[in-house]
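Student: Have a look; sequence and predicted model below, questions after that.
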Amino acid sequence: MHHSSTDFLIIGGGILGASTAWALAQRAPAGTRIRLIEAGMSSTATTSQAAALLTQVRPDAAMAAMVAETFTAIEALNVVLDDPLPLRMVGSLHLATTPAGRNYLQQTADTAARLGLTAERLSPDRIRAMSPWLEPGADGEALFVAQDGYMDPVQLAQGYLTAARRLGVDVVQHCRVERLLVEQGRAVGVLTSQGKLHAEKLICCAGPWSVALLAQHGISLAMAPVRSHYWISEDSPQLFPIDSPMVILPDINAYARPEVGGLLFGLRDRQAVYGDPARLPEDIHGYLFNRDPDGWECLEDGYDGLSSIFPALEQLGLAHYISGVSSYTPDGKPLLGETALPGLLVASGCSGGGIALSGGIGRVLAEVALGRQTFINTEPFNVDRFGLIDPFSEAFRIQCAQARSQKKSG
């Protein structure tokens, strides 16, 4: 580390920090000094735990625009990187078996039309042909959105970071932020495990650790660490062809996609499963939440619904279980932009959508940091939109966990 001062200092080397670094480096004037610091190794914490469904149909127009920006970013990255990013453009198949689910399909179709996306109704035979593991039954109806996809989240994060480095961004790993430096009511830097670093502006992309870090300075981020988890089945290439689509199951609050010969599938907890932002370990892998540590309670709760449309589940074994940490807000929308502390910006609270939103969030934060007009209306994502809250209270953490339980889309 050659200089202790920089123009912009990004805290966190996950996908949001990486995308912000790249977006900022593209837009900042020549000679702007940008540094990203990461407590461990870049993109190995919560980013690595994501299922990474890139679904473009979002009821909120600004959210949809941010996801579309991620696809634009991937195209731009493929121009400058040595190897193309492994985006699997397989589309998303949305299956409904109840009146409520069919209403969701119609809303999804209407939203797709407004966004200029193609949404096609599928017959039961077409459903089985596209996803051999899926049994829609006599009442099943499906909608297929061809422009959706998925990819390895670590590879996307590393793509942003590689491109940022090539534009001159200084990336420092194994550098843990202990607290912010504040002078005359303004954030001016950070105290780290490697000493003090100063900056004209700080951008906090530290994921669930952001809550405790910023609380030291009177900033209460309205988000909580909530469990996002999924299972991966044993391999069965006949059932799970690599080119089969992602599947969204609104009636049972589930999703699935192919994963190297098996099926990755997630269930959303009906009970609130959350953590304590004051007690997050440095290494998030293996973190235990307030209940159901191995996910069996959730799997048992959703098993009947899942096995009814995934009958092979009765015979297949489970190869892996991944329990990850997502930062959820009460309304399921991210926290983006300036904070009450001058000189400090935040990008967090992505509520399970950080990979899909990454390109758009990076662009928004770059535009805000540079004092430019943002490409979307950022008011719905204001950091202080919930007013006075206590992110350490159990009641608030339950409220955030319920936002995940009520989520229907990918």
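Tutor: Here it is on my side, so go on.
Student: how about the residue positioned nearest the centre of the chain, what does it touch?
Tutor: Geometric centre of the chain, nearest residue: residue 354, 2.1 Å, by C-alpha atoms, centre = their mean. For residue 354, the contact set (C-beta atoms under 8 Å, 6 or more residues apart in numbering) comprises 14-16, 46-47, 50, 326, 334, 361. C-beta coordinates here come from the backbone N, C-alpha and C atoms, glycine included.
Student: So which of the residues you listed is surrounded by the most neighbours?
Tutor: Using other C-beta atoms under 10 Å as the neighbour test, the contacts of residue 354 are led by residue 15, with 34 neighbours.
Student: I'd say that one and residue 358 touch.
Tutor: Yes: counting by C-beta atoms under 8 Å, residue 15 touches residue 358, with 4.8 Å between them.
Student: can you list residues touching both of the two?
Tutor: 156-157, 160.
Student: Which of those fall in helices?
Tutor: 156-157, 160 (DSSP state H).
Student: In a markdown table: the shared contacts of residue 15 and residue 358, plus neighbour count.
Tutor: Converted to a markdown table, these look like this (neighbours: other C-beta atoms under 10 Å):
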| residue | neighbour count |
| --- | --- |
| 156 | 28 |
| 157 | 26 |
| 160 | 29 |
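Student: between these, which is closest to residue 174?
Tutor: Using C-beta to C-beta, residue 157 comes nearest to residue 174 of the shared contacts of residue 15 and residue 358, at 16.9 Å.
Student: wouldn't the closest one be in contact with residue 20 here?
Tutor: No: Residue 157 is beyond contact range of residue 20, at 11.4 Å (criterion: C-beta under 8 Å).
Student: Between the two ends of stretch 41-59, what distance do you get?
Tutor: Stretch 41-59 has an end-to-end distance of 35 Å (C-alpha to C-alpha, to the nearest Å).
Student: Could you do stretch 144-153 as well?
Tutor: 23 Å.
Student: cool, stretch 238-258 as well?
Tutor: End-to-end for stretch 238-258, by C-alpha to C-alpha: 11 Å.
Student: Please, where are all the strands along the stretch 1-150 of the chain?
Tutor: Remark: strands assigned in the stretch 1-150 of the chain by DSSP state E, counting those that start in this stretch are 5-11, 34-37, 53-54, 92-96, 119-122, 141-145, 149-150.
Student: Which one, of those strands, ends up nearest to residue 407?
Tutor: strand 53-54 (11.7 Å).
Student: pLDDT at residue 137, what is it?
Tutor: Note on residue 137: pLDDT of 89.
Student: Provide a list of residues in contact with the residue nearest to it when sequence neighbours are not counted.
Tutor: Leaving aside its sequence neighbours, residue 137 sits nearest to residue 97 (C-beta to C-beta, 6 or more residues apart in numbering; 6.2 Å). Applying C-beta under 8 Å, 6+ apart, one finds that residue 97 lies in contact with 136-137, 139-141, 251, 309.
Student: what pLDDT does residue 272 get?
Tutor: pLDDT, residue 272: 85.
Student: Going by neighbour count, which residues of the longest helix along the chain are buried?
Tutor: Criterion DSSP H: the longest helix present in the chain is helix 61-80. Residues of helix 61-80 classed as buried: 62-71, 73-74, 77 (neighbour count, 16 or more other C-beta atoms under 10 Å).
Student: closest to residue 383 among these?
Tutor: Closest approach between the buried residues of helix 61-80 and residue 383, by C-beta to C-beta: residue 62, at 15.3 Å.
Student: The closest one reaches residue 382, doesn't it?
Tutor: No: using C-beta under 8 Å, residue 62 makes no contact with residue 382, being 11.9 Å away.
Student: so where's this protein uncertain?
Tutor: Flagging of the chain using pLDDT under 70 yields the residue ranges 1-3, 408-410.
Student: for it, what spans make up the helices?
Tutor: Using DSSP H, helices in the chain cover 15-27, 61-80, 99-115, 124-130, 153-166, 210-215, 296-309, 354-369, 394-405.
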